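*Asks:* Here is my input, please return the structure:
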Amino acid sequence: MIDWPALFSATLEHVELTALAVAVAVVIGVPLGAYLTRERFLAGPVLGAISLIQTVPSVALLGLLIPLFGIGEKPALLALFCYALLPIVRNTYAGLDSVDPAAIEAARGMGLRESQIVRKIALPQAMPVVLGGIRTATVISVGVATLAALIGAGGLGKFIFRGIAMVDMKTVLLGAIPAALLALVLDLGLALLEKRLVPAGLRQE
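*Replies:* Residues are numbered from 1 along each chain as shown. Purely as a prediction, here's the structure:
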């Protein structure tokens, strides 16, 4: 019999972990990506350093963070943030870097400041690519968040690892299927958000 209250609670924990990590990654990653388009000599080293984190297996990264932050939500959120950061920074940088230079020059000719150009010209044009990075980061975070259960941070991984320990495939699927559905729902939700925020002519098909 399915323990629906426990499953619902684990799903909420999973959503909370993912949402917090991605939100912080957006708050830091989008401005950082925009900054790198202005200081291009830093783009290679910064993106390389962030990419290096992605090469560390998620279980190993959690293990490295435990001595610093203990067990629970803190190391789990930090690990999720690290994995979510790269696609957001990279896509923001790539999106802003691909903006039509003629539009930028025209905006400068009209007397707009650099901050205004980024906010009113560059970012709207780059929005499809930026949102693509956020969607990628969200799906990655949902998957990595299943490992949070290993360090007592909760989430749907509790059912997965409990099922593995019991050699019970039904229990494994009880955590795996909702996690997969959650990733699909969040990705679809962000796709719908993109349709609302981005004009049809600028959307990525």
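*Asks:* Backbone dihedrals for the nearest residue to Gly175 once chain neighbours are set aside, both of them.
*Replies:* In this structure, Gly175 finds its nearest non-sequential neighbour in Phe159, 3.0 Å apart by Cβ to Cβ, 6 or more residues apart in numbering. Every residue, glycine included, has its C-beta placed from N, CA and C. For Phe159, the backbone dihedrals (degrees, to the nearest 10) come out as phi -70, psi -40.
*Asks:* Let me know whether Phe159 touches Leu7 as I believe.
*Replies:* Yes. Phe159 is within contact range of Leu7, at 7.3 Å (criterion: Cβ atoms under 8 Å).
*Asks:* Can you tell me the element Ala137 falls in?
*Replies:* In this structure, Ala137 sits in helix 123-145 according to DSSP states H and E.
*Asks:* returning to what we had before: check contacts around the residue nearest to Gly175.
*Replies:* 7, 10, 171-172, 174-176 (Cβ atoms under 8 Å, 6 or more residues apart in numbering).
*Asks:* try 7 Å this time
*Replies:* 10, 171, 174-175 (Cβ atoms under 7 Å, 6 or more residues apart in numbering).
*Asks:* ok, it to Asp3 distance?
*Replies:* For Phe159, the distance to Asp3 equals 9 Å [Cβ to Cβ, to the nearest Å].
*Asks:* residue closest to the middle of the protein?
*Replies:* Ala137 (2.6 Å; Cα atoms, centre = their mean).
*Asks:* right, and that residue touches Cys82 too?
*Replies:* No. Ala137 lies out of contact with Cys82 (Cβ atoms under 7 Å); the separation is 10.8 Å.
*Asks:* residue ranges with poor pLDDT in the chain?
*Replies:* Scanning the chain for pLDDT under 70 picks out the ranges 199-205.
*Asks:* how about the strands in it?
*Replies:* Applying DSSP state E to the chain gives no strands.
*Asks:* Show me what counts as buried in the helix holding Ala137.
*Replies:* By neighbour count on 16 or more other Cβ atoms under 10 Å, the buried set for helix 123-145 is 123-142, 144-145.
*Asks:* Since that was my last question, I'll sign off now.
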